[in-house]
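Q: Sequence plus the predicted model coming up.
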Amino acid sequence: GPGRGARAVRSGAARSTGAAGRALARSGLRTGGPGHWLDTHRGWTTGIVIAAGALALVLWNYPTPASVALVLGIVVLVLVLLGILAGAADRPGPASEGAETGTARARDR
């Protein structure tokens, strides 16, 4: 939702998964193109995962609190994994962008 609490949860989750993905990228695990795709299509992938969880509950004959908790846990786990994989994509950092720009400026002079 648009509330302050919901925004805080979303931004905290995005920062956490992004930091975990960047840590994996620094250690050598980079997701490259698929990670870029996940990052740019984050809204779509989130919607699809949530819709799949809702569909699983709708199609479940007799959902119990345990089955709802199981589906919710799986949905959250998948969303966390997708966020980490999106964070592990190769991205030019501000330092490398500045270095490239500085090199281009020196060459142009």
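A: Okay, I see it. Owing to the predicted nature of the structure, the values given are computational and were not obtained by experimental measurement. Residues are numbered from 1 along each chain as shown.
Q: Mind giving me the packing neighbours of whatever helix or strand Pro34 lives in?
A: Using DSSP states H and E, Pro34 maps to helix 32-40. In terms of contacts (3 or more Cβ pairs under 8 Å, 6 or more residues apart in numbering; DSSP states H and E), helix 32-40 is packed against helix 65-87. Using the backbone N, CA and C atoms, a C-beta is placed for each residue, glycine as well.
Q: what's the angle from the helix it packs on to helix 32-40?
A: Helix 65-87 and helix 32-40 are oriented at 120 degrees to each other (axes from the mean of the first three to the mean of the last three Cα atoms, to 10 degrees).
Q: what comes up buried for helix 65-87?
A: Using 16 or more other Cβ atoms under 10 Å as the burial criterion, the residues of helix 65-87 that qualify are 71, 75, 78-79, 82-87.
Q: centroid residue for the protein?
A: For the chain, the residue nearest the mean C-alpha position is Gly83 (2.0 Å; Cα atoms, centre = their mean).
Q: so who does that residue touch?
A: Listed by Cβ atoms under 8 Å, 6 or more residues apart in numbering, the contact set of Gly83 reads 13-14, 16-18, 20-21, 42.
Q: follow-up on the earlier one: give me the distance between the helix holding Pro34 and the centre of its chain.
A: Remark: helix 32-40 is offset 9 Å from the chain centroid, using Cα atoms, centre = their mean, to the nearest Å.
Q: Would you mind writing the CA trace of that helix as CSV?
A: This file holds the C-alpha atoms of helix 32-40, laid out as CSV (Å, rounded to 0.1, in the frame of the first residue of the first chain):
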residue,chain,number,x,y,z
GLY,A,32,24.9,-10.6,-15.6
GLY,A,33,22.0,-10.4,-18.1
PRO,A,34,19.4,-12.4,-16.2
GLY,A,35,20.1,-10.2,-13.1
HIS,A,36,19.7,-7.1,-15.2
TRP,A,37,16.4,-8.4,-16.5
LEU,A,38,15.2,-9.3,-13.0
ASP,A,39,16.2,-5.8,-11.8
THR,A,40,14.4,-4.0,-14.6
